[in-house]
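# Got a predicted structure plus its sequence, pasted below:
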Amino acid sequence: MSPLNAAIIGTGHALPENVLTNDQLEKMVDTSDEWIVTRTGIRQRHIAGPGEYTSLFATAAARRALDMAGVDPAELDMIICATVCPDMMLPATACFIQSALGAKRAAAYDMAAACSGFLYGLTVAEGVIKSGRCRTVLLVGAELLSRYVDYTDRSTCVIFGDGAGAAVIRATEEPKGILAARIRSDGDLADYLYTPGGGTRYPASEETVKKRLHYIKMRGNELFKVAVRNLTQISREALDDLKMAPNDVDLFLPHQANQRITEAVTARLGIDPARVYSNIDRIGNTSSASIPIGLDECVRAGRVRPGDTIMMASFGAGVTYGAVIMRW
Ligand code: ACO
C-alpha cells in the first residue's frame with residue numbers, strides 16, 4: 001500500500017419509519033407475497049412519507065457516521081452525495097447536506113452513478129485522499145426511489161425502497177483502507193433502466209406526465225443477466241489485482257438488488273455463503289444507499305472487525321458497475 005491510505009473511520013444509516021410490506025403491495029398491483037419473496041427475496045421496504053426528502057435521510061446518516069468517527073463537520077474537505085433522487089435539479093443535494101451539517105470548509109457535489117454510486121464515490125474519495133488534496137471526505141448514498149416508482153407497474157414497484165447510508169473516509173498511514181477499486185460503465189445499455197422525463201431530452205410538460213415519462217422503466221430480465229455477469233467479472237478483477245482468492249474475503253457485501261442475483265454471483269465466485277451479507281428482505285433495493293446501509297449494519301453488529309477484508313460489488317442503471325476491496 002502507498003504511504004497514504006484511505007480508510008473508512010465511521011458509518012451511519014437512516015431509513016424512513018414507514019414500511020411497505022408485500023401484503024400491502026398485493027392490494028395495489030397484481031402480485032403476491034409468494035412471487036415477490038421467491039423472485040427477489042424482498043419482504044418489505046421503507047418508504048418516505050409526504051414532505052420527506054432525500055437530504056433529510058442523508059444528513060441523519062451522515063451525523064451518525066461523523067459521531068462514530070469522532071469527526072467534526074468543520075473538518076470535512078469534501079462531501080459527495082451519490083444519488084439519482086436529488087432534492088432538486090439544482091443545486092446538488094450534497095450542498096443541502098453541507099448546510100445542515102455546517103461543514104463550512106467542504107467542497108460538495110452529487111454523483112449520479114445509480115446503484116454503483118457508493119463505490120464510484122469511494123474510488124473518487126480514495127483518489128483525492130491519496131493525492132493529498134483532501135484529508136477527510138464524507139460520502140453519502142441516499143435515494144428516495146419511491147418518488148420515481150410507478151405504483152401501477154408490478155415489475156418495478158415491488159423492488160425499490162428508500163434510505164441513506166454514509167461513511168467518513170480519512171487519510172491514514174496505517175496499513176488499512178481501500179486496497180483495490182475497479183469501476184466501469186456500459187452506456188450502450190442505458191435503456192435497460194432509465195427515467196426519461198424531466199431532463200433536457202424530455203423536459204417536464206403535461207405530455208410527459210400523461211405519458212408517465214417521469215417513472216422508472218426497467219428491462220428487469222435482461223438487467224438480471226447483465227448484473228450477474230458484470231458483478232462476477234468485476235469482483236474477479238478486483239480480487240486478481242490483489243492476488244486474493246474469493247474466500248480470502250471475510251465479508252462479501254454486494255449491492256442488494258435481488259437475492260437471486262446475490263446467490264448467483266456468490267456461487268460463480270465460489271464464495272462461502274456464510275461470508276455474504278444480505279438485508280434485502282427488510283430493506284429492498286435502495287440503489288446507492290444499499291451498500292453503505294449494509295456496511296453500517298455489519299459494523300454496528302460486530303460483523304466487521306479490525307483487520308477484516310471486505311469486498312463490495314455493485315451494478316446499476318447506466319449500466320454502471322464496480323468492486324472495491326478494503327481492509328477494516
Ligand atoms: N408479481 C407477479 N408477477 C410479476 C411481477 C410481480 N411483482 N413482476 C413481473 N411479473 C411477471 C411478469 O409479468 C412475467 O409474466 P409473463 O411470463 O406472464 O410475461 C413473469 O412475472 C416473469 O417476468 P420476468 O421479468 O422474466 O421475471 P424475473 O424472474 O426476471 O424477475 C425481476 C423480475 C425481479 C425484476 C428480476 O428480473 C430482477 O430482479 N432484475 C434485476 C432488476 C434490478 O436489479 N434492477 C435494479 C438495478 S439497480 C439500479 O440501478 C436502481
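Okay, I see it.

# what helices or strands is the helix or strand where Ala100 lies leaning on?
Secondary-structure element containing Ala100, defined by DSSP states H and E: helix 93-101. Packed against helix 93-101, as judged by 3 or more C-beta pairs under 8 Å, 6 or more residues apart in numbering; DSSP states H and E, are the following elements: helix 54-69, strand 78-82, strand 107-111, strand 136-144. (C-beta placed from N, C-alpha, C; glycine too.)

# Could you list the low-pLDDT ranges of the stretch 1-150 of the chain?
1-2 (pLDDT under 70).

# For it, what lies in contact range of the ligand?
Remark: the part of the stretch 1-150 of the chain in contact with the ligand comprises Thr31, Trp35, Ile36, Arg39, Thr40, Ala114, Cys115, using C-beta under 6 Å from any ligand atom.

# Ala112 versus the spatially most central residue of the chain, what's the distance?
To find the centre residue of the chain, average its C-alpha atoms and take the closest one (C-alpha atoms, centre = their mean): that gives Ser288, at 2.2 Å. Remark: distance between Ser288 and Ala112 (C-beta to C-beta, to the nearest Å) = 9 Å.

# Common neighbours of the two, please.
When contacts are counted by C-beta atoms under 8 Å, 6 or more residues apart in numbering, Ser288 and Ala112 are jointly contacted by Ala82, Thr83, Val84.

# Could you single out the nearest of the residues you listed to the ligand?
Closest approach to the ligand among the shared contacts of Ser288 and Ala112 (C-beta to the nearest ligand atom): Val84, at 7.4 Å.

# List, one by one, the residues from the stretch 201-328 of the chain near the ligand.
In this structure, the stretch 201-328 of the chain approaches the ligand at residues Met218, Gly220, Asn221, Leu223, Phe224, Ala227, Ala257, Asn258, Asn285, Ser287, Gly316, Ala317, judged by C-beta under 6 Å from any ligand atom.

# Which one (most neighbours) among those?
Highest neighbour count within these, by other C-beta atoms under 10 Å: Ser287, with 32 neighbours.

# And that one, what's its pLDDT?
At Ser287 the predicted local distance difference test score is 98.

# if we can go back for a sec, now the two most distant members of the residues of the stretch 201-328 of the chain next to the ligand.
Of all pairs drawn from these, the greatest distance, 19.2 Å, lies between Asn221 and Ser287 (C-beta to C-beta).

# Contact partners for the nearest residue to Gly197 once chain neighbours are set aside?
Spatial nearest neighbour of Gly197, chain neighbours left out: Leu213 (3.1 Å); criterion: C-beta to C-beta, 6 or more residues apart in numbering. Under the criterion of C-beta under 8 Å, 6+ apart, the contact list for Leu213 reads Thr195, Pro196, Gly197, Gly198, Tyr202.

# Apply 6 Å and report the result again.
Under the criterion of C-beta atoms under 6 Å, 6 or more residues apart in numbering, the contact list for Leu213 reads Pro196, Gly197, Tyr202.

# Kindly report the same for Ala106.
Under the criterion of C-beta under 6 Å, 6+ apart, the contact list for Ala106 reads Leu76, Met78, Ile79, Gln98.

# possible to save those residues as a markdown table with neighbour count?
Shown next, in a markdown table, are these (neighbours: other C-beta atoms under 10 Å):
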| residue | neighbour count |
| --- | --- |
| Leu76 | 27 |
| Met78 | 25 |
| Ile79 | 26 |
| Gln98 | 26 |
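
# what's the closest of those to Val158?
Closest approach between the contacts of Ala106 and Val158, by C-beta to C-beta: Ile79, at 32.6 Å.

# Enumerate the beta-bridge partners assigned to the closest one.
Here Ile79 shows beta-bridge partners Ala108, Leu138, assigned using DSSP bridges.

# now the strands for the stretch 101-250 of the chain?
Under the criterion DSSP state E, counting those that start in this stretch, the stretch 101-250 of the chain contains strands at 107-111, 136-144, 162-172, 177-185, 193-194, 217-218.

# domains of the chain?
The record, using automatic domain parsing to delimit domains, assigns the chain the ranges 5-174, 179-327.

# and stretch 295-315, which residues are buried?
295-299, 303-304, 309-315 (16 or more other C-beta atoms under 10 Å).

# okay, it in PDB with CA atoms only?
Extracted C-alpha coordinates of stretch 295-315, given in PDB (Å, rounded to 0.1, in the frame of the first residue of the first chain):
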ATOM      1  CA  LEU A 295     -21.900  -1.800   5.800                       C
ATOM      2  CA  ASP A 296     -23.200   0.200   8.800                       C
ATOM      3  CA  GLU A 297     -25.300  -2.700   9.900                       C
ATOM      4  CA  CYS A 298     -22.300  -5.000   9.800                       C
ATOM      5  CA  VAL A 299     -20.100  -2.600  11.700                       C
ATOM      6  CA  ARG A 300     -22.600  -1.900  14.400                       C
ATOM      7  CA  ALA A 301     -23.400  -5.700  14.800                       C
ATOM      8  CA  GLY A 302     -19.600  -6.500  15.200                       C
ATOM      9  CA  ARG A 303     -19.700  -8.500  11.900                       C
ATOM     10  CA  VAL A 304     -16.700  -6.400  10.800                       C
ATOM     11  CA  ARG A 305     -13.500  -6.400  12.900                       C
ATOM     12  CA  PRO A 306     -10.200  -4.600  12.600                       C
ATOM     13  CA  GLY A 307      -8.000  -6.400  10.000                       C
ATOM     14  CA  ASP A 308     -11.000  -8.000   8.200                       C
ATOM     15  CA  THR A 309     -11.100  -7.900   4.400                       C
ATOM     16  CA  ILE A 310     -14.400  -6.700   2.900                       C
ATOM     17  CA  MET A 311     -15.400  -6.900  -0.800                       C
ATOM     18  CA  MET A 312     -18.200  -4.700  -2.000                       C
ATOM     19  CA  ALA A 313     -19.700  -5.000  -5.500                       C
ATOM     20  CA  SER A 314     -22.400  -3.200  -7.300                       C
ATOM     21  CA  PHE A 315     -24.200  -2.600 -10.600                       C
END
